[in-house]
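Visitor: quick one, what's the 3D model for this:
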Amino acid sequence: MKRKKYMAIVMTTLVVVTMAGCGENASENVSENIVDNAVEHTEDATEQSTDSTEDNIADSVYADVESGNAKVEYTGKGDSTVYLELSQVLTESESYTIDEICEALNQIEDFQNEADITYSIIDCGSDGESELLVEAQLSVMYSLDMIIKKVDDKFVICYARDNSDRVTEKINEDGTIERYLSSAYNIHGTDYAFVDAAGEYKFFYGVTETLSLFDTYDIYKGDSKISISTEGLDAEHIAVLEYYFEENYEDREYFYSFYTIDDNYGKVETEEGKADLAELGVRFKDEGYLVYDQDGIDAVLRDREDEIGYTKL
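Guide: A predicted model of the protein is given here:
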């Protein structure tokens with residue numbers, strides 16, 4: 001079985017760099033040296049850690065999963081796959097080897113190549129109990145991440161998500177998940193979720209950032225669209241943060257925060273900008289949406305943490 005190359009890591013690096021630049025010119029002018037250095041450093045770090053990582057897996061309860069001698073159960077829980085939907089090719093309560101799961105996904109997309117798979121030991125919830133992170137690069141465009149936990153005497157998939165060239169994610173050692181989405185040069189988003197110590201997947205929140213507005217800010221709900229006018233405002237220098245607690249796109253109830261930017265997409269405050277944001281807030285509220293300043297957003301997210309048992313580790 002091949003080892004996964006560094007495609008997913010480089011893709012994540014590119015998305016994060018693009019988000020930091022936040023502009024078309026910034027994303028177009030990313031130095032090739034930055035990418036090359038990121039790959040080089042990642043390769044060096046990976047080479048240095050490969051032996052210890054493999055030793056950790058070999059010494060863990062997940063050694064048989066990596067070798068293909070043990071199967072993992074698909075329960076449907078924690079399945080957030082979108083394009084490569086596991087529910088289309090796997091049966092709930094049935095168990096499969098990792099290779100069998102990757103091969104089954106060929107029914108959805110013909111990858112025509114062997115999956116490159118990386119196995120890592122993580123500790124969801126930092127409770128001292130290990131889980132197995134499986135990252136399978138299926139093609140240049142698509143990959144699959146899974147977190148597997150030993151529950152009683154069997155291995156269970158407690159989280160699964162597919163990635164593409166526009167959507168990548170980072171799964172941290174404590175089971176927290178950061179998912180990066182890019183839909184346009186000025187529109188980027190991040191979803192935050194986690195798998196807790198019990199192996200339960202929970203969606204924390206998501207936020208979409210739009211830098212520089214047009215004549216309207218459009219909000220979509222199913223087949224309907226609400227357009228909020230920016231007439232009379234310096235829309236080009238306004239940024240909107242759109243928050244939500246629902247992972248399913250069709251179920252989302254949005255709430256908002258705003259800030260002003262300069263010509264280089266940097267955050268800046270001016271008296272004129274404050275007046276524009278106040279007026280924009282009124283227009284959003286008139287359509288029934290909640291609007292918060294940064295302190296309000298922080299308070300709402302703290303309440304969300306308490307509600308779902310999320311702990312920053």
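Visitor: tell me which element the residue nearest to the spatial centre of the chain falls in.
Guide: In the chain, the centroid-proximal residue (C-alpha atoms, centre = their mean) is R179; its distance is 1.0 Å. Taking DSSP states H and E as the criterion, R179 maps to strand 176-184.
Visitor: show me what contacts the residue nearest to the centre of the chain?
Guide: Listed by C-beta atoms under 8 Å, 6 or more residues apart in numbering, the contact set of R179 reads R161, V167, T168, E169, K170, T190, D191, Y192, A193. (Glycine included, C-beta is placed from N, CA and C.)
Visitor: any chance of the residues you listed in CSV, with secondary structure and neighbour count too?
Guide: Formatted as CSV, the contacts of R179 follow (DSSP: H, G, I helix; E, B strand; the rest coil; neighbours: other C-beta atoms under 10 Å):
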residue, secondary structure, neighbour count
R161, strand, 24
V167, strand, 19
T168, strand, 24
E169, strand, 22
K170, strand, 16
T190, strand, 18
D191, strand, 21
Y192, strand, 16
A193, strand, 24
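Visitor: ok, these vs V72, which is closest?
Guide: Set against V72, the nearest of those by C-beta to C-beta is R161 (15.4 Å).
Visitor: surely the closest one is in contact with E178?
Guide: No - if you go by C-beta atoms under 8 Å, R161 and E178 don't touch, sitting 11.7 Å apart.
Visitor: name the residues contacting each of those two.
Guide: In contact with both R161 and E178: E169, using C-beta under 8 Å, 6+ apart.
Visitor: before we move on, back to that, if we only consider the contacts of R179, which is nearest to E135?
Guide: Nearest to E135 among the contacts of R179, counting by C-beta to C-beta, is E169 at 9.8 Å.
Visitor: identify the bridge partners of the nearest residue to that closest one once chain neighbours are set aside.
Guide: Using C-beta to C-beta, 6 or more residues apart in numbering and skipping the chain neighbours, the partner closest in space to E169 is R179 (4.2 Å). Beta-bridge pairing for R179 (DSSP bridges): E169, D191.
Visitor: what about G296, how many neighbours?
Guide: Per other C-beta atoms under 10 Å, the neighbour tally for G296 reads 13.
Visitor: figure out how far the helix or strand hosting it is from the centre of its chain.
Guide: Using DSSP H and E, G296 maps to helix 294-308. Its chain's average C-alpha position is 20 Å from that of helix 294-308, according to C-alpha atoms, centre = their mean, to the nearest Å.
Visitor: and it, C-alpha only, in PDB?
Guide: Extracted in PDB, the C-alpha atoms of helix 294-308 (Å, rounded to 0.1, in the frame of the first residue of the first chain):
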ATOM      1  CA  GLN A 294     -17.200  41.400  18.100                       C
ATOM      2  CA  ASP A 295     -18.100  41.200  21.800                       C
ATOM      3  CA  GLY A 296     -21.500  39.900  20.900                       C
ATOM      4  CA  ILE A 297     -20.100  37.300  18.600                       C
ATOM      5  CA  ASP A 298     -17.700  36.100  21.300                       C
ATOM      6  CA  ALA A 299     -20.600  35.800  23.700                       C
ATOM      7  CA  VAL A 300     -22.800  33.800  21.300                       C
ATOM      8  CA  LEU A 301     -19.900  31.400  20.500                       C
ATOM      9  CA  ARG A 302     -19.200  30.900  24.200                       C
ATOM     10  CA  ASP A 303     -22.900  29.900  24.700                       C
ATOM     11  CA  ARG A 304     -22.500  27.500  21.800                       C
ATOM     12  CA  GLU A 305     -19.400  25.900  23.400                       C
ATOM     13  CA  ASP A 306     -21.400  25.300  26.600                       C
ATOM     14  CA  GLU A 307     -24.400  23.900  24.700                       C
ATOM     15  CA  ILE A 308     -22.400  21.200  22.800                       C
END
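Visitor: and stretch 70-89, what's its mean pLDDT?
Guide: Taken as a whole, stretch 70-89 has a mean pLDDT of 97.
Visitor: stretch 288-301 now?
Guide: Rounded mean pLDDT across stretch 288-301 is 97.
Visitor: before we move on, what about stretch 306-313?
Guide: 78.
Visitor: and the pLDDT at the residue nearest to E169?
Guide: You'll see R179 listed with a pLDDT of 97.
Visitor: quick one: it from L132, how far?
Guide: 20 Å (C-beta to C-beta, to the nearest Å).
Visitor: could you do G222 as well?
Guide: 38 Å.
Visitor: then D99?
Guide: Between D99 and L132 the computed distance is 15 Å (C-beta to C-beta).
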